[in-house]
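# Next come a sequence and a model predicted from it.
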Amino acid sequence: MALIEFEHVFKRYPGSSNAAVDDLNLHIEAGEFLTLLGPSGSGKTTTLMLLAGFEAPSSGTIRLDGASIESLPPHQRNMGVVFQSYSLFPHMTVAQNVAFPLSVRKVDAATIAAKVTAALTKVHLENYTHRKPNQLSGGQQQRVALARALVFEPRLVLMDEPLSALDKKLREEMQLEIRRLHRELGVTMVFVTHDQSEAMTLSDRVAVFNQGRIEQLASPQELYDAPANPFVASFLGDNNMATCTLEAGPGLDPAAGLATLRTASGQNLQARICAGKAPPDNASVKLCVRPEFLWVANDNTALATPNCLRGTLLDLIHQGDHWRLVARLDGLGRSGAAEAPQWFAKISPGALPAGLVVGQNVCLGFRPEDAWVF
Ligand SMILES: Nc1ncnc2c1ncn2[C@@H]1O[C@H](COP(=O)(O)OP(=O)(O)OP(=O)(O)O)[C@@H](O)[C@H]1O
Ligand SMILES: [Mg+2]
């Protein structure tokens, strides 16, 4: 049995016509690190609030260990929370802040002292017990909030964008800290972010939210390698897209999982298609190729190679560990039409052809197994 089960949960806020959470079905396993990832307004915070008990579902059931918890008030759910809006008490010291969940649970003073020290040691703040929150850096404050969420040994810790106020370096340090704590404590963590790299760094599984629904729930690697639809493909990692037509029968090779497509200009391409999800022949489909899977050639001799598209180089930018190359792909537009799509490629320095100049013709290509059709 899963630790948490959402069954057909809906949440409509008063006065709102759309559901903030729309028929959510989600099982959270004990000990896992689950991240809710999605654009602004997609229902991540609402889901966390429903779980913590700060909001009640309009309909549906939420179970903890198989028992329905809708009528259980937040403080009886035994969940540690780190919400942005739920910040530290400014008038209390670090130690008093961390002691708070234990004091309200009427734990004796000696136990509180021992547990506060242990919790602050875990987040490397054992020497800051007497400071006030305004005497700490942003990252240190976040670590105090984390210690406060962990100190009463909850089975479940809920975190809503806890690192969003931090600069990149501190944020990455804290991500590693949270990873370490999850590993050491074996606690179940549900984490909200709209930062895809943060989600990939931390999570066992990621639920990709869109308009109150989960588009896909899988490990970061599975989401990246086998996205269920263009939304997931574009939300996790970068992506180039083009509208193509699925070729008739023989073009489809279900055994290899490859489909043949026709571009607007009539060129044939091959890409992977999800078995069992193939649309009818001649359907309009989306081709998705990640920029790191594109190769580039600086002349037209490569055009004979399968899956090679003709284009014009619009920009070439050095990004340290790779070159970002922007091209308008004439081969994807209707002949003579101005709206040929712009794609970008990430090319490692060793793979960049010599002497490329902006404005010249180039070819971009990809292996069929590195591209997806939806
Ligand atoms: N208290 C509220 N009253 C009315 N509508 C709300 C309330 N809180 C959220 N909503 C609406 O519910 C939807 C989901 O909001 P939610 O806060 O869950 O999104 P989110 O995914 O956390 O977004 P963000 O990334 O911006 O934090 C949005 O359309 C939002 O406007
Ligand atoms: Mg939110």
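Right, received. Where do you want to start? Ligands and ions are numbered 1, 2, ... in the order given.

# Once you drop chain neighbours, what's closest to residue 356?
residue 298 (5.4 Å; C-beta to C-beta, 6 or more residues apart in numbering). Bear in mind the C-beta positions are built from the backbone N, C-alpha and C, glycine included.

# how close does that neighbour sit to ligand 1?
From residue 298 over to ligand 1 the distance is 42 Å, taken as C-beta to the nearest ligand atom, to the nearest Å.

# if you average pLDDT over the lengthiest helix in the chain, what comes out?
Longest helix in the chain by number of residues (criterion: DSSP state H): helix 168-185. Mean pLDDT, helix 168-185: 87.

# Export that helix to PDB, keeping only CA atoms.
Once non-C-alpha atoms are left out, helix 168-185 reads as follows in PDB (Å, rounded to 0.1, in the frame of the first residue of the first chain):
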ATOM      1  CA  LYS A 168      22.300  29.700  -8.000                       C
ATOM      2  CA  LYS A 169      25.400  28.600  -6.000                       C
ATOM      3  CA  LEU A 170      23.600  28.400  -2.700                       C
ATOM      4  CA  ARG A 171      20.600  26.800  -4.300                       C
ATOM      5  CA  GLU A 172      22.800  24.000  -5.700                       C
ATOM      6  CA  GLU A 173      24.500  23.500  -2.300                       C
ATOM      7  CA  MET A 174      21.100  23.300  -0.600                       C
ATOM      8  CA  GLN A 175      19.900  20.700  -3.200                       C
ATOM      9  CA  LEU A 176      22.800  18.500  -2.300                       C
ATOM     10  CA  GLU A 177      22.100  19.000   1.400                       C
ATOM     11  CA  ILE A 178      18.400  18.000   0.900                       C
ATOM     12  CA  ARG A 179      19.500  15.000  -1.100                       C
ATOM     13  CA  ARG A 180      21.800  13.900   1.700                       C
ATOM     14  CA  LEU A 181      19.200  14.400   4.400                       C
ATOM     15  CA  HIS A 182      16.700  12.400   2.400                       C
ATOM     16  CA  ARG A 183      19.200   9.600   2.100                       C
ATOM     17  CA  GLU A 184      20.200   9.600   5.700                       C
ATOM     18  CA  LEU A 185      16.800  10.000   7.300                       C
END
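
# following it, which helix or strand comes up?
Downstream of helix 168-185, the next assigned helix or strand under DSSP states H and E is strand 188-193.

# That next one packs against which elements?
strand 33-37, helix 44-52, strand 156-160, helix 168-185, helix 196-202 (3 or more C-beta pairs under 8 Å, 6 or more residues apart in numbering; DSSP states H and E).

# Quick one: distance of that strand to the chain centre.
11 Å (C-alpha atoms, centre = their mean, to the nearest Å).

# That one vs helix 44-52, what angle?
160 degrees (axes from the mean of the first three to the mean of the last three C-alpha atoms, to 10 degrees).

# Now do residue 38: how many residues are near it, please.
26 (other C-beta atoms under 10 Å).

# I'd like the distance between it and ligand 1.
Taken as C-beta to the nearest ligand atom, the span from residue 38 to ligand 1 is 6 Å.

# cool, residue 40 as well?
3 Å.

# Residue 272 too?
30 Å.

# circling back to that earlier point, and of the helices and strands packed on strand 188-193, who's closest to residue 363?
Residue 363 lies closest to helix 196-202 among those, at 29.6 Å (C-beta to C-beta).

# Not counting the closest one itself, show me its contacts.
When contacts are defined by C-beta atoms under 8 Å, 6 or more residues apart in numbering, helix 196-202 is touched by residues 33, 35, 37, 163, 171-172, 175-176, 178-179, 182, 191, 193, 206, 220, 224, 235-237.

# With adjacent residues omitted, what lies nearest to residue 101?
residue 152 (4.6 Å).

# That neighbour: neighbouring residues, count only.
Neighbours of residue 152 (other C-beta under 10 Å): 18.

# quick one: contacts for it?
Per C-beta under 8 Å, 6+ apart, neighbours of residue 152: 78, 80, 101-102, 105, 115.
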